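K.L.:
Okay, predicted coordinates and the sequence, questions at the end:
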Amino acid sequence: MTESWRQPRRILMAALGGLTVFYLLAPTLVIVPMSFTEAEILSFPPQGFSLQWYEHMLTDTQWSTSIVTVAYSWRVKNLGRKGVAVFWAVASAALA
């Protein structure tokens with residue numbers, strides 16, 4: 001009997017999954033190092049080292065407002081999920 005992970009279909013699916021993950025992450029693996037360049041435009045290979053783009057993002061009011069809004073909505077969303085989970089836990093305990 002062959003082990004299930006050695007079946008050709010599983011190997012093909014694992015390879016396809018790995019290629020998909022690489023395809024999705026490859027642009028990030030290029031852009032993030034390029035964002036540390038001291039040049040005014042993104043260029044490859046990066047020239048020098050600077051945090052100017054991250055400083056701009058954190059000091060610009062539009063970016064700051066957006067970051068705070070996303071953090072707040074994420075927190076409210078997660079609290080809502082926990083509230084629903086607690087409700088169902090209490091309800092199921094009460095009905096049991």
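P.N.:
Thanks, I have the structure now.

K.L.:
wait, what's in contact with Ser64?
P.N.:
When contacts are counted by C-beta atoms under 8 Å, 6 or more residues apart in numbering, Ser64 touches Leu58. Quick note: C-beta positions are derived from backbone N, CA and C, even for glycine.

K.L.:
how far away is it from Ser73?
P.N.:
Distance, Ser64 to Ser73, by C-beta to C-beta, to the nearest Å: 15 Å.

K.L.:
what's the answer for Leu58, then?
P.N.:
Taking C-beta to C-beta, one finds Leu58 at 19 Å from Ser73.

K.L.:
buried residues in stretch 32-41?
P.N.:
For stretch 32-41, a neighbour-count test (16 or more other C-beta atoms under 10 Å) marks Thr37 as buried.

K.L.:
now swap in stretch 18-35 and tell me
P.N.:
Buried residues in stretch 18-35, counted by 16+ other C-beta under 10 Å: none are found.

K.L.:
Can you list the low-confidence ranges for the protein?
P.N.:
Scanning the chain for pLDDT under 70 picks out 1-6, 76-96.

K.L.:
so where do the helices sit in it?
P.N.:
Taking DSSP state H to define them, one finds helices in the chain at 8-34, 52-59, 61-95.

K.L.:
Just want the angle from the second one to helix 8-34.
P.N.:
When you say that, I think you mean helix 52-59. With axes from the mean of the first three to the mean of the last three C-alpha atoms, to 10 degrees defining the directions, helix 52-59 sits at 90 degrees from helix 8-34.

K.L.:
can you list contacts of helix 52-59?
P.N.:
The contact list for helix 52-59 (C-beta under 8 Å, 6+ apart) reads Ser35, Glu38, Trp63, Ser64.
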